[in-house]
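Undergrad: Mind folding the following:
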Amino acid sequence: MMIEFSKITKHYQIGTITVKALDGIDVSMERNEYVAIMGPSGSGKSTLMNILGCLDTPSSGTYRLNDTDVSDMNDDELAEIRNREIGFVFQTFNLLPRATALHNVELPLIYSGTPTSKRKQQAMEALERVGLKDRMHHKPNELSGGQRQRVAIARALVNNPSIILADEPTGNLDSRTGDEIMEIFEDLHEAGNTIVLVTHEEYIAEHSNRIIRLRDGLVERDEARVNHIPVA
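TA: Take a look at the predicted model:
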């Protein structure tokens, strides 16, 4: 099992009030699953994504990622796990504005200490996978929104992570461009990548093989989708 959440809680203390963002989550995901996480505002989906991505730690419970218990790791250990195991795609792209697409994609490899020659080759290959080989020397302000998100996806792929986490990946895009981005995720899944995305759009979630619906910090429903909708 790639991901195992066992009785995961995340509580925040605000004055005398305890906010239970997650209140006992049991979830597991296998390699090469394509999972969408949905829920209304305040349901806990962002908190779940943060813990899943090793950006935060649970208040209690156990989180195992690739058979490694990451629940009680310190910040340095979590950073190492993130860089090795997880690729992130954000709604706002999070690209360095003055860096080229190639350099933006290289960043995770710089942090992991990959040699320069190998780093450049891997970044070029990742950009080619998302159809941006001819735009690698362009800066973000020279690219469309869809192209910027493709750069962000290439950056998420460049370390060959165990899992790709996408937080509202089409939220800043028009519907046509959003469909193009979902087609890339479809291709990545078919190539063997494990994908987990957070979305509030039902039609985006329907491209996945499974939808986990949260409400009030709990799993309300966990639905396997045999007939998911592939992108045309």
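Undergrad: Tell me which helix or strand residue 26 sits in.
TA: Taking DSSP states H and E as the definition, residue 26 sits inside strand 17-29.
Undergrad: For that strand, which outside residues touch it?
TA: Outside strand 17-29, the residues that touch it by CB atoms under 8 Å, 6 or more residues apart in numbering are 1-13, 35, 44, 47-48, 51, 58, 61, 194, 196, 212, 216-219, 222. For the C-beta atoms, the positions are set from N, CA and C on the backbone; glycine is no exception.
Undergrad: tell me how far the ends of stretch 28-43 are from each other?
TA: Start and end residues of stretch 28-43 are separated by 19 Å (CA to CA, to the nearest Å).
Undergrad: Stretch 198-208 too?
TA: Criterion CA to CA; first-to-last residue distance in stretch 198-208 is 11 Å.
Undergrad: Name the residues that touch it?
TA: Contact with stretch 198-208 is made by 34-38, 45-46, 49, 165-171, 178, 182, 185-186, 195, 197, 211, 225, 228-231, as judged by CB under 8 Å, 6+ apart.
Undergrad: Quick one: classify the residue most central in space within the chain as helix, strand or coil.
TA: Nearest to the mean C-alpha position of the chain, counting by CA atoms, centre = their mean, stands residue 165 at 1.0 Å. State at residue 165, reduced to three classes by DSSP: H, G, I helix; E, B strand; the rest coil: strand.
Undergrad: Thought residue 90 was touching it, still the case?
TA: No. Taking CB atoms under 8 Å as the contact criterion, residue 165 and residue 90 are not neighbours in contact, 9.2 Å apart.
Undergrad: who are the neighbours in contact with residue 171?
TA: For residue 171, the contacting residues are 91, 199, by CB under 8 Å, 6+ apart.
Undergrad: average pLDDT across the longest helix anywhere in the chain?
TA: The residue-count maximum for a helix in the chain (DSSP state H) belongs to helix 175-190. The pLDDT scores in helix 175-190 average 92.
Undergrad: on that earlier part again, out of the contacts of stretch 198-208, which sit inside strands?
TA: In this view, the contacts of stretch 198-208 that belong to strands under DSSP state E are 34, 35, 36, 37, 38, 165, 166, 167, 195, 197, 211.
Undergrad: Check which residues of stretch 126-133 are buried.
TA: For stretch 126-133, burial by neighbour count (16 or more other CB atoms under 10 Å) applies to 126, 127, 129, 130, 132.
Undergrad: For that stretch, which outside residues touch it?
TA: Applying CB under 8 Å, 6+ apart, the contact partners of stretch 126-133 are 101-102, 105, 124, 135-136, 147, 150-151, 153-155, 157-158, 184.
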